[in-house]
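> Sequence and computational prediction follow.
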Amino acid sequence: MFYKIDYEELKLVKDLKKFYISLTTVLVLIVLTFIIGRLTAIKHLSTLEKEMIVVDLRAEDNKFTKDKLVTLLKELSVKYPYIVMAQSILETGHWKSDVFKQNHNLFGMKQAGARINTAQGTNLNHAYYSNWHESVYDYAFYQCRYLGGVSTEQYYYAALDASYAEGSNYSQRLKEVVQREHLKELF
């Protein structure tokens with residue numbers, strides 16, 4: 001099917017270029033068929049129905065999941081993302097706390113005064129955000145500003161104990177969460 005003649009050795013050899021061109025053409029046709037179908041379907045919707053679809057898609061994008069958090073931490077190249085994930089779990093009680101539910105605050109962050117941040121203000125004595133993504137961006141800003149020079153996991157834990165934790169044994173509790181939840185395997 002996707003072969004060409006090798007005249008030097010007088011035999012048929014696979015022609016991957018033709019295969020990839022054919023595969024690409026088929027995929028493009030499938031995508032175009034899908035897009036045209038969606039556009040045709042959307043054209044027949046009322047204005048209100050179209051607005052409801054857009055709002056629903058935005059709500060779905062902003063809906064928090066553990067997998068979405070993992071993806072965003074990777075995209076932002078956050079240092080020691082498994083520790084950051086453990087902080088999120090510890091600070092929110094597995095994403096069940098009021099500070100998380102009401103403030104979209106994944107890390108128990110207070111509103112920053114001396115650095116770039118994404119907080120909208122303070123609620124429940126913690127920073128609040130428009131959505132959970134902004135909380136992650138704010139943590140990334142915090143990390144860049146205050147923990148950017150930390151070069152080992154050990155120093156990262158020590159820095160959190162010194163500047164982030166409000167209670168004792170913070171780094172030990174984080175290490176337990178990392179181990180119990182197998183967080184290193186996610187990254």
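In hand now; what should we look at? Residues are numbered from 1 along each chain as shown.

> As a check, name the ranges of all helices in the protein.
Assigned by DSSP state H, the helices in the chain fall at 16-43, 47-62, 66-75, 81-92, 98-103, 132-147, 153-163, 170-180.

> between those, which gets the lowest average pLDDT?
Here the lowest mean pLDDT among these goes to helix 47-62, at a mean of 57.

> For the residue nearest the centre of the chain, list the residues it contacts.
For the chain, L72 is the residue whose C-alpha lies nearest the centre (C-alpha atoms, centre = their mean; 1.8 Å). Shown in contact with L72 (C-beta atoms under 8 Å, 6 or more residues apart in numbering): H133, V136. For the C-beta atoms, the positions are set from N, CA and C on the backbone; glycine is no exception.

> swap in K110?
Shown in contact with K110 (C-beta under 8 Å, 6+ apart): T122, N125, H126, A127.

> Could you give the backbone dihedrals for the nearest residue to the first one once chain neighbours are set aside?
Same thing as T122. Counting by C-beta to C-beta, 6 or more residues apart in numbering, Q111 is the residue found nearest to T122 once chain neighbours are left out, at 4.9 Å. Dihedral pair for Q111: phi -70, psi 130, per degrees, to the nearest 10.

> Y139 reaches M109, doesn't it?
Yes: applying C-beta atoms under 8 Å, one finds Y139 in contact with M109, separated by 6.7 Å.
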